[in-house]
Structure formats: C-alpha cells, structure tokens
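Trainee: turn this into a model:
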Amino acid sequence: MRIVVVCVGRPRELTFQGQKYTTSIFKKKVVGPVAVINDNLEGDRQHDLNFHGGRDKAIYVYSQEHYRDWEKTLGISELKVSQFGENLTVSGCRDEDIVVGTKLRMGSIFATVMQPRIPCAKLGVKLENADFPQLFWEKGLLGFYLRVDQAGSLQAGDEITIEHIPTHGITLRSVWATVVNSSSNEASEILEKLDSLDAGWLRRLKKIAKP
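Mentor: Residues are numbered from 1 along each chain as shown. Predicted structure coming up:
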C-alpha cells in the first residue's frame, strides 16, 4: 500500500444550479512533505465541521483502484486529481479489505481508520452532477477517514504500513453493506463492537438494528 497523491484545500464559495455553497472539496496536489497535525494536513481546512473534519475525520483517504471503477461507470477516460475531495489517494488499499479501527503508519505519522464516508451534496457540485451523491452511495466506493494518533509528515510515494488490525473483522465495506441491506443482526453487532462511528452511521445502524 502506498500514497499516490497528497492534496489540500481551503473553503471557497461557488454557485451550482442556482444554489450557493461554501466547500473545501476542491483540493490541489502538493509536492513534497506535508506536515500533519491532530485535525488537519498543513494547508487543508474543512468548512462544515458538522459533517467533515475534527479529530475522527482529520484525513480523507480514497483508493486509486476505485478511480478505475468510476472511470468505467461514468465513461470518463481519466478523472481529475482528488476528484472526490480526498486528501490522500492511495494504492492497494480498497474499502472491502480495510477493517475499521486498523492502525496505519504512513510517513512519520500514525493514524487509525475510523469510518467510511457518507456522501453529501458537495460531491454533486464537484462532479457537476446533482445525482452523483446518490450514485456514490449506491456503489459503496466511499473511501474512509483517519484519526491522527501521532503527528508528523507524509508525502506522495510513502509506504502505508499496517501496525494493527482489530479482531472484530468488520470492514469499511461491511458497515455500508449492512445499512444498504438493512441487516438487523449485523447492525446490532456493529453497534456493539464499534462505538467510535459518527452520528450519521450510528443513526442509520440504530434504525435497522434488531430490538
């Protein structure tokens, strides 16, 4: 597993389909080492902290392999850098293979995989397609958020090393699949074993969990 691209961005205002948005989803590629503190990469800021950012969503990661899937789905020969607003585009690190709570080392930082992303309207703004967030959700290629456990720096080309994998075995993909399939037994298990998921996931899981 390896970091392919590092991107950062700050809030900007724009209008899409007659509606005004302030968003940090438009990010630019960074060359060379980037400092990482507790809640951000240097040069990166989230606008809506109710849904993005904070300690448990400090870094958004997306698989380069998912890019190939999306290019086929959307009929686009090559998607842009940080097309989905991610900070890190990575290789060899697909959602279905990553267990929630896995501890990673990249560059000189240590981080914990916290949860999959829940898509928002800003994805539609980025893709200039208001229907895209729903498609993003339906395909389940969500990417994931990291909590920074030890600050440091990272850069494109850095190897991603797994330091620890929790024994519960619940992957990022299985959290999404449980919600999509309304699997009550699985939802109850996830709620029992993963108490660190954010309010959005907890609300969806509690709605379908076995009483």
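
Trainee: where does this protein dip in pLDDT?
Mentor: Within the chain, the stretches with pLDDT under 70 are 47-53.

Trainee: please enumerate the helices of it.
Mentor: Assigned by DSSP state H, the helices in the chain fall at 64-74, 121-127, 132-139, 172-180, 184-193, 199-208.

Trainee: and stretch 168-187, end to end?
Mentor: Start-to-end span of stretch 168-187 (Cα to Cα, to the nearest Å) is 13 Å.

Trainee: quick one: it to chain centroid distance?
Mentor: Distance of stretch 168-187 from the chain centroid (Cα atoms, centre = their mean, to the nearest Å) equals 17 Å.

Trainee: quick one: contacts of it?
Mentor: Under the criterion Cβ atoms under 8 Å, 6 or more residues apart in numbering, residues 95-101, 113, 115-116, 138, 140, 142, 144, 189-190, 193-194, 197, 201, 204-206, 208-210 lie in contact with stretch 168-187. Just so you know, the C-beta spots here come from the backbone N, C-alpha and C atoms, and that holds for glycine as well.

Trainee: let's see it at 7 Å
Mentor: Applying Cβ atoms under 7 Å, 6 or more residues apart in numbering, the external contacts of stretch 168-187 come out as 95-100, 116, 140, 142, 144, 190, 193-194, 201, 204-205, 208-210.

Trainee: now stretch 130-138
Mentor: By Cβ under 7 Å, 6+ apart, stretch 130-138 touches 17, 119-121, 123-124.

Trainee: any chance of those residues in JSON lines with distance to Ala151 and neighbour count as columns?
Mentor: Formatted as JSON lines, the contacts of stretch 130-138 follow (distance: Cβ to Cβ, whole Å; neighbours: other Cβ atoms under 10 Å):
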{"residue": "Gln17", "distance to Ala151": "39", "neighbour count": "9"}
{"residue": "Pro119", "distance to Ala151": "28", "neighbour count": "18"}
{"residue": "Cys120", "distance to Ala151": "27", "neighbour count": "17"}
{"residue": "Ala121", "distance to Ala151": "32", "neighbour count": "14"}
{"residue": "Leu123", "distance to Ala151": "29", "neighbour count": "22"}
{"residue": "Gly124", "distance to Ala151": "33", "neighbour count": "20"}
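
Trainee: and the residues you listed, which two are the farthest apart?
Mentor: Spatial extent of the contacts of stretch 130-138 (Cβ to Cβ) is set by the pair Gln17 and Pro119 at 17.0 Å.

Trainee: mind putting the helices of the chain into JSON lines with distance to Gly85?
Mentor: As requested, those are exported to JSON lines (distance: least, Cβ to Cβ, whole Å):
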{"stretch": "helix 64-74", "distance to Gly85": "13"}
{"stretch": "helix 121-127", "distance to Gly85": "6"}
{"stretch": "helix 132-139", "distance to Gly85": "11"}
{"stretch": "helix 172-180", "distance to Gly85": "17"}
{"stretch": "helix 184-193", "distance to Gly85": "25"}
{"stretch": "helix 199-208", "distance to Gly85": "17"}
